[in-house]
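Colleague: Sequence first, then the predicted structure:
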Amino acid sequence: MSEDELPSAKGKRGVKPSGKPTLKTIAQMTGFAVTTISRALNNAPELSQETRDRVQKVAAEVGYLPDRAALRLKTGRTNVIALVLEPDEQIYGFGSSIVGG
């Protein structure tokens, strides 16, 4: 059996198992380093506007979204709001109007 006939155990490089594109995906598509991709997506002034535009265009085309867990580790912020309500208030529909507001 040749190597071509074997099922691939490896996933695509630069793409998470869930199929989401990563910084590596964009780096492979553009030829830039992962650090440059990160800086371009954060509008770093040390990069040319042309580079930032090119990277941001490719990121939009592939549907890149930053990983929330990675952002939480980096910034220490979850960007999640919790709302605790008493069960009695939910029965009367107050919770729904609060959340809707």
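Modeller: That came through fine. Numbers count the residues shown, from 1 in each chain.
Colleague: Quick check, residue 52 in contact with residue 42.
Modeller: No. No contact is recorded between residue 52 and residue 42 when judged using Cβ atoms under 8 Å, the distance being 9.2 Å. Every C-beta, even on glycine, is put in place using the N, C-alpha and C of the backbone.
Colleague: Mind checking which of the two has more residues around it?
Modeller: Here residue 52 and residue 42 are compared on neighbour count by other Cβ atoms under 10 Å; more neighbours surround residue 52, at 18 against 10.
Colleague: Can you give me the separation between that one and residue 79?
Modeller: According to Cβ to Cβ, to the nearest Å, residue 52 stands 24 Å off from residue 79.
Colleague: And the next helix or strand past the longest helix along the chain?
Modeller: In the chain, taking DSSP state H as the definition, the longest helix is helix 49-62. The helix or strand immediately downstream of helix 49-62 is helix 68-75, counting by DSSP states H and E.
Colleague: Pull the residues that contact that next one.
Modeller: Contact with helix 68-75 is made by 77, 78, 79, as judged by Cβ atoms under 8 Å, 6 or more residues apart in numbering.
Colleague: May I see those organised as CSV, with distance to residue 60, neighbour count and secondary structure added?
Modeller: Listed next are the contacts of helix 68-75 as CSV, based on distance: Cβ to Cβ, whole Å; neighbours: other Cβ atoms under 10 Å; DSSP: H, G, I helix; E, B strand; the rest coil:
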residue, distance to residue 60, neighbour count, secondary structure
77, 24, 8, coil
78, 25, 11, coil
79, 21, 8, coil
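Colleague: Pipe these into a markdown table and attach pLDDT per row.
Modeller: Rendered in a markdown table, the data for the contacts of helix 68-75 read as follows (pLDDT from 0 to 100):
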| residue | pLDDT |
| --- | --- |
| 77 | 86 |
| 78 | 84 |
| 79 | 81 |
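Colleague: Using TSV, lay out the residues you listed together with distance to residue 64.
Modeller: TSV is the format used below for those (distance: Cβ to Cβ, whole Å):
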residue	distance to residue 64
77	20
78	21
79	18
